[in-house]
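Chemist: Sequence first, predicted coordinates after that:
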Amino acid sequence: MILKVFKKADLILLAALIVCGIIASVAVAHTGADGGEVCLSKSGREIGRYSLDEDINILVNKTAVEMTWPAGQEIAFEEAPEDYNIVTIRGGKVSVESADCRSQVCVDHRPVSRSGESIICLPHKLVVEIVSPDKARDYDTLAQ
Amino acid sequence: MKDGNGKTAYRNTPARRVATLALLAALALIFSYVESLLPSPGLPGVKLGIANIVVVIVLYRFSAAEAAGVNALRIALAGFLFTGLFGALYSAAGAALSLAGMVLLKKTGHFSMAGVSMAGGVLHNLGQLAVAAILIEDLQIFYYFPILLFSGIACGILTGIIATLVERKLPKNL
């Protein structure tokens, strides 16, 4: 029945797409090893950089990092800012602890720890990305 | 009006065409709604795309322009009703790219409906990813590309097979 549905060209296209997918997966998986820095950016603009080794909570408001405090420590807000995300770095892993975005995709995202990995909150245009500390230098080398 | 077999024969008037397309657009909208009720698989952008079944059938039974019309209507209405402005923006970009690709592949004549739908599924995800990259002004989001590529292949094939089977059962004179 399957053969009556598909034609030869379909299978060639399917094979080509799968090869593309495998290459892209390998490329993504090879973008980095453990460790590095956590780079936060809002609407494409960098708003902060933190080491993966420190255990810290970072409160990001609508435009910038509002405050930070040690991870695991409870803190009482007088009033949570609008469009906030709380990013937690703990034990070499980064996650978004809570946020008031509608989708909650960033909060549900598994913690990331390898450079090149990222957590993105589309509603708030927040990108939490792990970069290797020498990434800037790599780009310079490439540019030359 | 009766034809030779005693059955009611329908003339293929423009009014009938419009009415049929409107019904199909309504069906596509319902599919979008049903899909919005399904739980998310946990990966952003991954979804079945069952509304694509209708679009592919319209593409084959009617024309590319009418398929685009049905899809545009579906996206605009779904945007107002439940997906919101940004949802509609993502869908529109995905749908435009996907339909353009499907029309081209269909024109070559080498691909089956399922193959065309598979390419459509992949291109839909690619279009959405491109819009997301523009909105967020960061290419980092292409990290999701492999996941979206494979989910596009799988969902495109699935909807394509359903579309093929449904299209075969549809009356000749839709």
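Modeler: Nice, thanks for sending it over.
Chemist: Output the set of residues of chain B in proximity to chain A.
Modeler: Contact residues (C-beta under 8 Å from any C-beta of the partner chain) of chain B with chain A: B:42, B:44, B:86, B:108, B:110-115, B:118-119, B:122, B:132, B:135-138, B:140-141, B:143, B:145-146, B:149-150, B:153, B:157, B:160-161, B:164-165. Where you see a C-beta, it was placed from the backbone N, CA and C, and this is true even at glycine.
Chemist: PyMOL command for the buried members of the residues you listed?
Modeler: Remark: buried members of the residues of chain B next to chain A, expressed as a PyMOL selection using 16 or more other C-beta atoms under 10 Å in any protein chain shown:
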select buried, chain B and resi 44+86+111+112+113+114+115+118+119+122+132+135+136+138+140+141+143+145+146+149+150+153+157+160+161+164
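Chemist: taking the residues of chain B next to chain A one by one, which sit in helices?
Modeler: B:86, B:108, B:113-115, B:118-119, B:122, B:132, B:135-136, B:145-146, B:149-150, B:153, B:157, B:160-161, B:164-165 (DSSP state H).
Chemist: residues contacting the residue most central in space within chain B?
Modeler: Nearest residue to the geometric centre of chain B (C-alpha atoms, centre = their mean): B:N52, 2.6 Å. Under the criterion of C-beta atoms under 8 Å, 6 or more residues apart in numbering or on different chains, the neighbours of B:N52 are B:98, B:117, B:120-121, B:124, B:156, B:159, B:163.
Chemist: go with 6 Å
Modeler: Counting by C-beta atoms under 6 Å, 6 or more residues apart in numbering or on different chains, B:N52 touches B:T159.
Chemist: What distance do you get for it to chain A?
Modeler: 16 Å (C-beta to the nearest C-beta, to the nearest Å).
Chemist: and stretch B:86-103, average pLDDT?
Modeler: When pLDDT is averaged over stretch B:86-103, the result is 92.
Chemist: Run the chain-centre distance for it.
Modeler: Chain-centre distance of stretch B:86-103: 9 Å, with C-alpha atoms, centre = their mean, to the nearest Å.
Chemist: And stretch B:127-134, by the same measure?
Modeler: Relative to the chain's own centre, stretch B:127-134 is displaced by 18 Å; criterion: C-alpha atoms, centre = their mean.
Chemist: Of all residues in chain A, which one is nearest the centre?
Modeler: Centre-nearest of chain A using C-alpha atoms, centre = their mean is A:S118, 1.5 Å out.
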